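>>> Turn this into a structure:
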Amino acid sequence: MQMTQYKRNGSGVMGIKDTAEYLEVHESTIYRLVGNGQIPAFKLGGQWRFKKDVIDQWLASEMQKNSSNHHYHKERRERRTA
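Predicted coordinates:
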């Protein structure tokens, strides 16, 4: 596996490819998330960039939302079957 730019220079700034690898998703998923405003990003020199620490915070927030949402739906299902 090729070492990506953010791993080489330790800058914490990633491009589309680096971010896709980091999140273990396809590059097209990152483009879709950026296009929908669902992932924190900024343009630098006409290219999308992502700060690793900001992505980590975003990921933790998304995980918490999904966890809370999962518990809400689980409780609703349990009430309906009781």
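
>>> From residue 50, how far out is residue 29?
In this view, residue 29 and residue 50 are 13 Å apart by CB to CB, to the nearest Å. Quick note: C-beta positions are derived from backbone N, CA and C, even for glycine.

>>> neighbour-wise, which of those two wins?
residue 50 (25 against 14; other CB atoms under 10 Å).

>>> List the residues that contact that one.
Counting by CB atoms under 8 Å, 6 or more residues apart in numbering, residue 50 touches 13-15, 18-19, 39-42.

>>> just residue 51 next, same as before
Neighbour list for residue 51: 12-14, 40 [criterion: CB under 8 Å, 6+ apart].

>>> Quick check, central residue of the chain?
In the chain, the C-alpha nearest the mean C-alpha coordinate belongs to residue 59, at 5.2 Å (CA atoms, centre = their mean).

>>> Verify the stated contact: that residue with residue 22.
No. Judged on CB atoms under 8 Å, residue 59 makes no contact with residue 22 at a distance of 9.3 Å.
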